[in-house]
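Peer 1: build me a structure from this.
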Amino acid sequence: MAAQLELVAGSYEQITFGYQVKTGENEWTAKADFTHHAHTASITAVAASERFVVTGSKDETIQLYDMKKRTEHGALLHHEGTITCLEFSGTSHLLSGGEDGLLCVWSTKTWECMKTIRAHKGHVTSLSVHPSGKLALSVGADKTLRTWNLINGRSAFIKNIKHNAHIVRWSPDGDRFVVVVNDKIDIYKLETASVTGTITNPKRISSVKFLNNSILVVAGDDETVRFCDVGKAKWVCEFKAHETRYVF
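Peer 2: Residues are numbered from 1 along each chain as shown. Presented below is the predicted three-dimensional model:
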């Protein structure tokens, strides 16, 4: 029997699209499910929980969409400047980063901003919440990698890096993380907070995703999707997937 997935995408045309994807044995099919046009500028960040879809935009707002009721759920206003990154921490909290250098923690029950952290000098480029929900990582335009204690909302560790990183991601088990700068991926071990390996993509990297604790999927400014073994810091597989750069 075919499984069914929900796919959500944001566009430069200010619209969020939702699709129901059926994964059959021989064929996958996608059917349009909903559209949400609440922004007045292009969408720059998307995140989803079990119930809600949130989108950030250059219009400085975070828009909420209730997947259960299939209705708009309002807007969050706190950042000054483009919303650059969004990520849920379980079902209880949402984290947002912005061009204003702020990292905000929102309650998904009341949608109130519970904590505002001055995270970076310059914009926050990426954030990632540890699987435990107790830590978060952020990178910004000030060439720093910062670890945050989400229990008290304070900085736990700051590491200076030579360049402006644009992606940071925890592994599913939370024992390592990766930091992306242009075409390079640095692999860190949490226990030592040190780089255990580095791998270089032929082109600038636009997106990464852990399939499991060992395999990282990488896409960038060429037509190829590549798979990296982060334990060995080696490419293990690749395939041509599209005609232009890819984001997932």
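Peer 1: point out where this structure drops to low pLDDT.
Peer 2: 1-4, 242-248 (pLDDT under 70).
Peer 1: how about a cut-off of 90?
Peer 2: Residue ranges of the chain with pLDDT under 90: 1-38, 50, 67-73, 90, 151-156, 162-163, 191-194, 220-224, 239-248.
Peer 1: which stretches of it form helices?
Peer 2: In order along the chain, the chain carries no helices (DSSP state H).
Peer 1: if I look at residue 230, how far off is residue 151?
Peer 2: Separation of residue 230 from residue 151 (CB to CB, to the nearest Å) stands at 27 Å. Where you see a C-beta, it was placed from the backbone N, CA and C, and this is true even at glycine.
Peer 1: and these two? Which one has more around it.
Peer 2: Neighbours per residue (other CB atoms under 10 Å) separate residue 230 from residue 151, with residue 230 holding more: 21 against 10.
Peer 1: thought that one was touching residue 177?
Peer 2: No: Residue 230 is beyond contact range of residue 177, at 9.5 Å (criterion: CB atoms under 8 Å).
Peer 1: touching both of those two, which residues are there?
Peer 2: In terms of CB atoms under 8 Å, 6 or more residues apart in numbering, residue 230 and residue 177 are both contacted by the residues 171, 187.
Peer 1: the closest residue to residue 61 other than its chain neighbours pairs with what?
Peer 2: Nearest residue to residue 61 in three dimensions, chain neighbours excluded: residue 75, at 4.9 Å (CB to CB, 6 or more residues apart in numbering). Under DSSP bridges, the beta-bridge partners of residue 75 are residue 63.
Peer 1: distance of residue 75 from residue 5?
Peer 2: 27 Å.
Peer 1: the more surrounded of the two?
Peer 2: residue 75 (17 against 11).
Peer 1: in contact with the more buried one, which residues?
Peer 2: Shown in contact with residue 75 (CB under 8 Å, 6+ apart): 38, 61-64.
Peer 1: how about residue 226?
Peer 2: 201, 217-219, 235, 237-238.
Peer 1: if we can go back for a sec, gap between the residue nearest to residue 61 and residue 64?
Peer 2: Note on residue 75: its distance to residue 64, by CB to CB, is 7 Å.
Peer 1: cool, residue 115 as well?
Peer 2: 19 Å.
Peer 1: which one of those two is surrounded by more residues?
Peer 2: Applying other CB under 10 Å to residue 115 and residue 64 shows that residue 64 carries more neighbours, namely 21 against 16.
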